[in-house]
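[1] Make a model of this:
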Amino acid sequence: MNNYLLSIQYDGTNYSGWQNQNNSRTIQNEIEKNISIILKRKIKIIGAGRTDAGVHALDQKANFKVEQEIDLYKFQYSLNSILPADISIRSIIKVSEGFNARFDARNRTYIYLINRFKSPFYKNYSFFYPYQLDINKLNFLSELLLGENDFSSFSKKNNEANKVCNVYFAKWYKKNDFILFKITANRFLRGMVRSIVGTLLKLEKNCSPKDKLIEIIEAKNRSFAGENVPAKGLFLYKVEY
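    Numbers count the residues shown, from 1 in each chain. Just a heads-up that it's a prediction; the model follows:
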C-alpha cells in the first residue's frame, strides 16, 4: 500500500473547520472529495491537527493510502486545479506505509496575529485590538505556560479526556502594526490557543500579577480563563516529525 503525505495551506474563513462534519463544509471533506475524483476511488485522509471553524493553516499535514502508484508532480497539479481557490497543496511526498500524520507528529506550532490598526486588508486574517500592549509583560506571563501542564482551563468543555500538554515555546513579537504570538507544543486541546491568547490579553490589560495565571492553570476550570479571541487570527504554522 502506498502512503502519501500532503502539505496543505488553507484560508479557513468559509469552512466549519478541518474535520468532516454532517451538513457542513470542511477542509478535509473538500480535499477527500477531490482526491477521490482524480483517483476514481474513495479516499480518506488523516490530518495532523483538527483546526476549528475560521482557523487558517500555513502548513497543515495529512496523509492518505492508496494501492496505485502516483505521479507526484501530475497529481499535485491536477489536485490544485480542481480544489477551491482557498485550499492549496504545497507539496506531496511518498512516506513509509506505517506513517500517520496525526500520531507521528512530534510537535505543532500555531501563530496568532493581532492588528493594532483597522484595515480592510487584514480583517479576515487578524484580530483588530486597538490597545497598547506591553510585550515584555506578555512574554513574562507566557513563560509560565512552558512545560507539561493540565490545560483544562483553556479547553472547551466536554472535550478530550486527557488535558495534559507539553508546551515547548511561547513568545510574543511586535512587528510594525502587528503583534504576533507563537506557541509550540506536542499537542493542543480544542480552543486552547485562542483561550490562552484571550487570557493573556486580559491579564496584561488588568496589570494582573503572574500568580493570577498560575491560579487559572491550577484551577483546571474553563470559567477561570479569559474569553476566546476570534478564530480568524489563528494559523496552524507548522507540524514537525
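[2] Helices of the protein, start to end?
    Secondary structure of the chain (DSSP state H): helices at 27-39, 72-82, 135-142, 192-205, 210-219.
[3] Who are the contact partners of the residue lying closest to Val95 once chain neighbours are set aside?
    With Cβ to Cβ, 6 or more residues apart in numbering as the criterion, Val95 has its nearest non-adjacent residue at 4.7 Å, and that residue is Leu5. All C-beta spots, glycine's among them, are computed from the backbone N, C-alpha and C. Applying Cβ atoms under 8 Å, 6 or more residues apart in numbering, we find Leu5 in contact with 61-63, 92-95, 99, 101.
[4] Serialize these to CSV and add fields for pLDDT, distance to Ile45 and neighbour count.
    Shown next, in CSV, are the contacts of Leu5 (pLDDT from 0 to 100; distance: Cβ to Cβ, whole Å; neighbours: other Cβ atoms under 10 Å):
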residue, pLDDT, distance to Ile45, neighbour count
Lys61, 98, 10, 23
Ala62, 98, 5, 24
Asn63, 98, 7, 20
Ile92, 98, 11, 18
Ile93, 98, 14, 11
Lys94, 98, 15, 13
Val95, 98, 13, 16
Phe99, 98, 13, 16
Ala101, 98, 8, 22
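[5] The residue nearest to Val95 and Ile214, how far apart?
    For Leu5, the distance to Ile214 equals 39 Å [Cβ to Cβ, to the nearest Å].
[6] quick revisit: out of the contacts of Leu5, which comes closest to Leu236?
    Among the contacts of Leu5, Lys61 lies closest to Leu236 (Cβ to Cβ), at 9.2 Å.
[7] residue contacts, the closest one?
    5-8, 47-48, 101, 105, 239.
[8] can you rerun that using 7 Å?
    5-7, 48, 101, 239 (Cβ atoms under 7 Å, 6 or more residues apart in numbering).
[9] And Ile82, by the same measure?
    34, 37.
[10] next one: Lys65
    Lys65 makes contact with 1-3, according to Cβ under 7 Å, 6+ apart.
[11] now swap in Ala53 and tell me
    Listed by Cβ under 7 Å, 6+ apart, the contact partners of Ala53 are 15-17, 231.
[12] Which ones among the residues you listed map onto strands?
    Secondary structure from DSSP state E places none of the contacts of Ala53 in strands.
[13] burial of Lys238, as a residue count?
    Neighbour count for Lys238, taken as other Cβ atoms under 10 Å: 18.
[14] Hmm, I typed the wrong one, I wanted Tyr122.
    Around Tyr122 there are 18 residues (other Cβ under 10 Å).
[15] Let me see the contact set for the nearest residue to it once chain neighbours are set aside.
    Counting by Cβ to Cβ, 6+ apart, the nearest residue to Tyr122 once its immediate chain neighbours are dropped is Asn115, at 4.7 Å. By Cβ under 7 Å, 6+ apart, Asn115 lies in contact with 122, 126-128, 177-178.
[16] Select from those every entry located in strands.
    Going by DSSP E, the strands hold 127-128, 178 from the contacts of Asn115.
[17] Having no further points to raise, I will conclude here.
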